[in-house]
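Engineer: Predicted coordinates and the sequence they were generated for:
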Amino acid sequence: MSLAPESFAFVADLVARRSAIQLAPGKEYLVESRLLPLAREAGLDVDAYVAQLRAQPSSPAATAVVEAMTTNETSWFRDGAPYQALRRHELPRLVAARGGVGRLRVWSAACSTGQEPYSLAMCLSDDLPASMSAEIIATDLSEQVLARARAGRYSQLEINRGMPAQMLVQHLRRVGTEWEVAESLRRMVTFRAHNLLDVPPAGQFDVVFLRNVLIYFDTPTKRGILDRVLRVLRPDGVLVLGAAETTLGLHDGWERVTIERTSVYRPLASPPASALPTQYSPLAATGTDGASLPSGYSPRPATALAASTRPIAPGGTVR
C-alpha cells in the first residue's frame, strides 16, 4: 500500500521542524520503508501510525520518526584514503606542532552507530606517542544509534564492512556471536546527542570528521555548517569531508590540501570577512538520493569564494 499524500506531508513537516531536513516529493517510498518497522511494532499500517502521531504530535513516537529518517549508513575506515592521510600526514604534523605532548581533540559528527569514531580511536591509539592523549567527541541526532555506539558491540556482518584483520585482532574481542571494542578505546570516545542546527560541542578541536553529511543539504546550509566548524577548529586543525564533498565555492575560510589520493581542509590563516556570517537561522536541506539524511544548520547566506588549494605530494611536501 502506498503512503497517503497527507501522511507524507505530515512526516515531511515534522522532520523539517525537528532537523531542518526537507523530504522532497518523490521520497514517499523512503518514508514508508523507514516507518514500516515502527508501525508494525505498534500493530498498525504506516498511514494509521502517522494518523495516531498526528493526534499526539508531542508523543515519543515523534522522536522515533525523526530518528528513523536520519539514521546514517556507515562502515569501518570508510573509503580508506582519508584515514591514510590522517595517519601519514596530519597526525604527524599535529603531533610535531604540539611538541609531542598534550591532548588531541577530535569531533566525529554524524557518527551513527560508532564505526567512525572507533576507527579514529584505533588510529590515535596506534599512532600517538605515549606522551600524548586523545579525546573523541562523537555526536549524532539519533539516541537510538548512540545507544548502540556506546555499547561498542558489532555483528560479524558489521565487522565485515571494512574492518582490517590486524585491527580486529588488536582492538576487539569476541563476545558470543558479536565483537566488542576494547575498553581502552571506548574510554577515548564520548557519545553525545547533537543536532547540527545547534551550537557545536564545547571547546576547540584539532580534527573534525564531517563525512558524507554536506551532500544532503542546500548551499546556504552547507555554508552554515562549514562556518560553525571553522569556529571550533584550531587554526592549524584539519577538517575531513566525504569523497563527494568540498568547501570550494561554498566558504572562503578554508584551504584545500591534496594529500595522495584525497583532500583535507584547513582554516585559512586570516579568513575574509565574507567567510564569517553573523546571523543564523535554520534552513531546509534536501537529500540527493534515498539514503538516510543527517541534520544540519545554516547561517544567513554570505558571499562565498572558492578556497585556495595547496597540493601535497605523496612525501608530504607542499607544492
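Structural biologist: Perfect, I can see it now.
Engineer: can you map out the helices along this structure?
Structural biologist: Here the chain has its helices, by DSSP state H, at 5-19, 28-41, 46-55, 60-70, 81-85, 91-97, 115-127, 143-151, 156-159, 165-171, 183-188, 219-232.
Engineer: Least reliable of these by average pLDDT, please.
Structural biologist: Mean pLDDT is lowest for helix 60-70 out of these, coming in at a mean of 81.
Engineer: what's in contact with that helix?
Structural biologist: 11, 14-15, 18-19, 21, 23, 30-31, 34-35, 37-38, 42, 49, 52-53, 141-145, 292-295 (C-beta atoms under 8 Å, 6 or more residues apart in numbering). Every residue, glycine included, has its C-beta placed from N, CA and C.
Engineer: Any chance of TSV for the helices of the chain, columns mean neighbour count and distance to residue 107?
Structural biologist: Shown next, in TSV, are the helices of the chain (neighbours: other C-beta atoms under 10 Å; distance: least, C-beta to C-beta, whole Å):
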stretch	mean neighbour count	distance to residue 107
helix 5-19	18	19
helix 28-41	17	27
helix 46-55	18	33
helix 60-70	19	18
helix 81-85	19	15
helix 91-97	16	14
helix 115-127	22	9
helix 143-151	17	14
helix 156-159	13	23
helix 165-171	13	21
helix 183-188	15	13
helix 219-232	22	7
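Engineer: Need the per-residue pLDDT for the residue positioned nearest the centre of the chain.
Structural biologist: With distances taken as C-alpha atoms, centre = their mean, residue 110 lies nearest the centre of the chain, 2.7 Å away. What the model reports for residue 110 is a pLDDT of 89.
Engineer: try residue 202
Structural biologist: 92.
Engineer: Around it, how many other residues sit close by?
Structural biologist: Counted with other C-beta atoms under 10 Å, residues neighbouring residue 202 total 7.
Engineer: so what's it up against?
Structural biologist: So residue 202 contacts nothing (C-beta under 8 Å, 6+ apart).
Engineer: That one and residue 191: what is the separation?
Structural biologist: 15 Å (C-beta to C-beta, to the nearest Å).
Engineer: just how off-centre is stretch 131-145 within its chain?
Structural biologist: 11 Å (C-alpha atoms, centre = their mean, to the nearest Å).
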